[in-house]
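*Asks:* Output the structure for:
(one chain, ligands or ions: 1)
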Amino acid sequence: MNNETQPMRIPRISVPRHPVWPALGAAEKTALKARIKTLLKERNALLVSHYYVDGDLQALAEETGGCVADSLEMARFGSETDAETLVVCGVRFMGETAKILNPEKRVLMPELKATCSLDEGCPADAFSAFCDAHPDHTVVVYANTSVEAKARADWMVTSSIALPIVKYLRAQDKKVLWAPDKHLGHYIQQVTGVDMLLWQGSCVVHEEFKSVALERLRRLHPDAAVLVHPESPDEIIEQADVIGSTTALIDAVASMHNPEFIIATDEGIFWKMKQLAPGKKLIAAPTAGEGATCESCAHCPWMAMNALQNLEQVLRSGGNEIRINEAIRQKAVVPIQRMLDFSKAQSA
Ligand code: SF4
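*Replies:* Predicted structure coming up:
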């Protein structure tokens, strides 16, 4: 097995503070939601919300015929609707993926600065040089990458389909160049045994989960199942009862009989889990290390940039539109479509 990693330094990521949105009174919130619903109809627009954004944005998407999903389903949904406009509540690569797949649609986002540490940590030039240095490898990128990085890839994957695709490549004796998440890449490497080069990016949210504090929390809750997203470090994954994508973790809460769950991923996911399993106790995995009070602060600062207020603004103004150079889009669509075709063939 090849454990070589890329020689370049990962750029220093500037992580923003969590935005503080002005509190809304109940009447104010109801009125704001009503205005958003009217604007969605007037603009022939649908909301596509990720599991990590605020619960109000997930509820609105469901109430108005949009979709609440992980990256894979978000990508699929845009192509399956006749709406002229998609408003993507999530982070930038999600809006870009929607635009790559639906160039004829207008794609808006509440905040274009909502990015991702994985995307930021994989600059196109350095990544392209890494690919050039290893021409005998199949390039597999995670969805959390720029359009340019996707344009350089053979395959794009999301966490829910990464394992089947890498197993498929392994069966063909392919060597894989993986980017950008080192933890997810390492996990896949261990499970599949594939010869893999890893880019050394990481998610600033999942990397914060602390193993000693998690062990202590497990002792306090012996009946709890531990659910872990594979973007987390090894020592967290090793304590998991279930390792899986956001969708797999939501399914686990709904189907497992444990009364309690300790969850190591962004706390935005609790909204959907509570909806599907209202009687279960959900505990956030600790992020503060030794001495933690188990009050997790596991919430992506970029996902938190999405709110009812800027969603309404963007629907009113039509601003914050995602635009992509057509020549790059045509290259970037190839690895995404390959993943969607693979997924369709699998479920056929
Ligand atoms: S939670 Fe992590 S992987 Fe997801 S958008 Fe935020 S920084 Fe990126």
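
*Asks:* Could you give the number of residues near residue 213?
*Replies:* Number of residues near residue 213 (other C-beta atoms under 10 Å) recorded here: 20. Just so you know, the C-beta spots here come from the backbone N, C-alpha and C atoms, and that holds for glycine as well.

*Asks:* Let me fix that, I meant to ask about residue 301.
*Replies:* Neighbours around residue 301, by other C-beta under 10 Å: 16.

*Asks:* Tell me which helix or strand it sits in.
*Replies:* Using DSSP states H and E, residue 301 falls within no helix or strand.

*Asks:* what does the stretch 51-200 of the chain put close to the ligand?
*Replies:* 52, 91, 116, 117, 118, 144 (C-beta under 6 Å from any ligand atom).

*Asks:* give the contact list for the second one.
*Replies:* For residue 91, the contacting residues are 50, 114, 115, 116, 119, 144, 300, 302, 303, taking C-beta atoms under 8 Å, 6 or more residues apart in numbering as the criterion.

*Asks:* I'd like the distance between the closest residue to residue 318 other than its chain neighbours and residue 76.
*Replies:* Using C-beta to C-beta, 6 or more residues apart in numbering and skipping the chain neighbours, the partner closest in space to residue 318 is residue 108 (7.1 Å). Here the distance between residue 108 and residue 76 works out to 19 Å (C-beta to C-beta, to the nearest Å).

*Asks:* Check what pLDDT the residue nearest the centre of the chain gets.
*Replies:* In the chain, the residue lying closest to the centroid (C-alpha atoms, centre = their mean) is residue 71, at 5.5 Å. pLDDT for residue 71: 82.

*Asks:* Could you do residue 231 as well?
*Replies:* 87.

*Asks:* Give me the spatial nearest neighbour of it, chain neighbours excluded.
*Replies:* Among residues not flanking residue 231 along the chain, residue 206 sits closest, at 4.0 Å (C-beta to C-beta, 6+ apart).

*Asks:* Would you mind confirming that residue 299 makes contact with residue 268?
*Replies:* Yes. Between residue 299 and residue 268 there is a contact at 6.4 Å, judged by C-beta atoms under 8 Å.

*Asks:* and for the two, which residues touch both?
*Replies:* Residues touching both residue 299 and residue 268 (C-beta under 8 Å, 6+ apart) are residue 52.

*Asks:* Same drill for these two, tell me which one is more crowded.
*Replies:* residue 268 (25 against 17).

*Asks:* Surely that one touches residue 303?
*Replies:* Yes. Assessed by C-beta under 8 Å, residue 268 is found in contact with residue 303 at 6.1 Å.

*Asks:* what sits in contact with each of the two?
*Replies:* The contact sets of residue 268 and residue 303 overlap at 50, 52, 53 (C-beta under 8 Å, 6+ apart).

*Asks:* In CSV, list those residues along with pLDDT and neighbour count.
*Replies:* Shown next, in CSV, are these (pLDDT from 0 to 100; neighbours: other C-beta atoms under 10 Å):
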residue, pLDDT, neighbour count
50, 95, 27
52, 93, 25
53, 96, 28
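
*Asks:* mind listing what's buried in the helix or strand of the chain with the lowest mean pLDDT?
*Replies:* The weakest-scoring helix or strand in the chain, judged by mean pLDDT, DSSP states H and E, is helix 71-79 (a mean of 85). The neighbour-count check on helix 71-79 (16 or more other C-beta atoms under 10 Å) flags 71, 72, 73, 74, 75, 77, 78 as buried.

*Asks:* how distant is that helix from the center of its chain?
*Replies:* With C-alpha atoms, centre = their mean, to the nearest Å as the basis, helix 71-79 stands 12 Å off its chain's centre.
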